[in-house]
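**Q** Provided below for reference: sequence and predicted model.
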Amino acid sequence: MDQRVYERESRSETETACQPTLPDDTRYRLGTALRSIYEEICDTQPIPDSQIDLLLRLRHKERDRRRMD
């Protein structure tokens, strides 16, 4: 089998496996329930410096990409 065909097949299998299989209303209800549980926990915790640095770097990259366009 040609290597390119094999890569294309394996990539499509991975993409298919990663797609959600739950109906939209179920995903919505699960998301709402998880947010309500973790919202209180996350709102009371400070953001670690490492995550702040990551967010700042992402923001700078976004800004740089917008300037290039």
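**A** Done, it's in.
**Q** Please spell out which residues along stretch 60-67 are buried.
**A** For stretch 60-67, the neighbour count (16 or more other C-beta atoms under 10 Å) marks no residue as buried. For every residue, glycine as well, the C-beta is placed using N, CA and C.
**Q** lowest-confidence helix or strand of this structure?
**A** Least confident helix or strand, the chain: helix 3-18 with a mean of 52, by mean pLDDT, DSSP states H and E.
**Q** Enumerate the helices of the protein by residue range, in sequence order.
**A** With helices called from DSSP state H, the chain shows them at 3-18, 24-44, 49-68.
**Q** What does the pLDDT read for P48?
**A** Predicted confidence (pLDDT) for P48: 87.
**Q** how close does it get to L56?
**A** 13 Å (C-beta to C-beta, to the nearest Å).
**Q** Quickly note the distance from E39 to P23.
**A** In terms of C-beta to C-beta, E39 sits 24 Å off from P23.
**Q** Then T32?
**A** Using C-beta to C-beta, we find T32 at a distance of 14 Å from P23.
**Q** Could you do P48 as well?
**A** For P48, the distance to P23 equals 36 Å [C-beta to C-beta].
**Q** do Q45 as well
**A** With C-beta to C-beta as the criterion, Q45 and P23 are 32 Å apart.
**Q** cool, and L54?
**A** L54 is 33 Å from P23, where distance means C-beta to C-beta.
**Q** Next: M68.
**A** From M68 to P23 the distance is 40 Å (C-beta to C-beta).
**Q** what's the burial count for A33?
**A** Counted with other C-beta atoms under 10 Å, residues neighbouring A33 total 10.
**Q** check contacts around it.
**A** By C-beta atoms under 8 Å, 6 or more residues apart in numbering, the contact set of A33 is empty.
**Q** quick one, phi psi at P23?
**A** phi -60, psi 160 (degrees, to the nearest 10).
**Q** Measure how buried it is and give me the count.
**A** Neighbour count for P23, taken as other C-beta under 10 Å: 9.
**Q** Report the separation between it and L30.
**A** P23 is 11 Å from L30, by C-beta to C-beta.
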